[in-house]
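Asker: sequence? don't have it. structure:
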């Protein structure tokens, strides 16, 4: 941009280092190499015959967007914001004794979410992204199955209300404990890593839009689905989506660490 000193000054400010430090110089060199690679990729993509919205993109962009967008959409379609927005309602529907108990149960769910995110931060580099996502999704599917079972047992009169309420609370806490370290945090991390630099802004924007679209769809339809196919049926539906998503990610999701 004709002002070569500005990148060094900005990077030094972000890293809390002197502008002339060796670490700042190394990082600037790496950024310049990345920029040169991006320019080369753009030039190569411009010479590659392509039509439609992927014209001019890196050759692997459609697959990367399928994985990144699918991961973000799946994060919502397994019902996370149903659990977060309606946790107290679910607990009361599931047989927990009083409004106060449901509120305290919802607080336990929220606290578990915070703790699970901290676990994800701790494990993201040591365990890798793919194992965290797949392990997380497996726990989510199992917890949804338990949640569906608790509602079914209560509705069929096969379990006392107190037992069904305890099962519902256990299932919700297990769901969040499984979801938060992997499916809660990794979609954002993975989407920042799977696109070529020239495609990163578009890929991230599209996948984020899919995430919020799924959020809206799940939040707006949960109570309607419960009325149509019962709460047990709703959670079976979310579990089925999670199971299909697990197969998809097992086949398609690379390790991006």
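Answerer: Okay, I see it. Predicted model, so just to flag it, every value in this text is computed and none were measured.

Asker: from the chain's centre, how far out does stretch 165-175 sit?
Answerer: A distance of 21 Å separates the C-alpha centroid of stretch 165-175 from that of its chain, computed with CA atoms, centre = their mean, to the nearest Å.

Asker: which of the residues in it are buried?
Answerer: Along stretch 165-175, the positions that meet the burial threshold by neighbour count (16 or more other CB atoms under 10 Å) are 165, 166, 167, 168, 169, 171, 172, 173, 174, 175. Any C-beta I mention is one placed from the backbone N, CA and C, and that applies to glycine too.

Asker: so of those, which ones are in helices?
Answerer: Secondary structure assignment by DSSP state H places 165, 166, 167, 168, 169, 171, 172, 173, 174, 175 of these in helices.

Asker: OK, contacts around residue 243?
Answerer: Contacts here follow CB atoms under 8 Å, 6 or more residues apart in numbering; on that basis residue 243 touches residue 141.

Asker: picking up where we left off before, in JSON lines: the ones in helices among the buried residues of stretch 165-175, plus distance to residue 109 and pLDDT.
Answerer: Conversion of those to JSON lines gives the following (distance: CB to CB, whole Å; pLDDT from 0 to 100):
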{"residue": "165", "distance to residue 109": "14", "pLDDT": "83"}
{"residue": "166", "distance to residue 109": "14", "pLDDT": "86"}
{"residue": "167", "distance to residue 109": "14", "pLDDT": "89"}
{"residue": "168", "distance to residue 109": "11", "pLDDT": "88"}
{"residue": "169", "distance to residue 109": "8", "pLDDT": "89"}
{"residue": "171", "distance to residue 109": "10", "pLDDT": "92"}
{"residue": "172", "distance to residue 109": "5", "pLDDT": "92"}
{"residue": "173", "distance to residue 109": "6", "pLDDT": "93"}
{"residue": "174", "distance to residue 109": "10", "pLDDT": "94"}
{"residue": "175", "distance to residue 109": "8", "pLDDT": "94"}
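
Asker: any stretches of the protein with poor pLDDT?
Answerer: When the per-residue scores of the chain are filtered using pLDDT under 70, the ranges that remain are 1-4, 39, 41-59.

Asker: now do the helices in the chain.
Answerer: 5-15, 22-47, 61-77, 80-93, 99-127, 129-155, 161-179, 186-191, 200-252.
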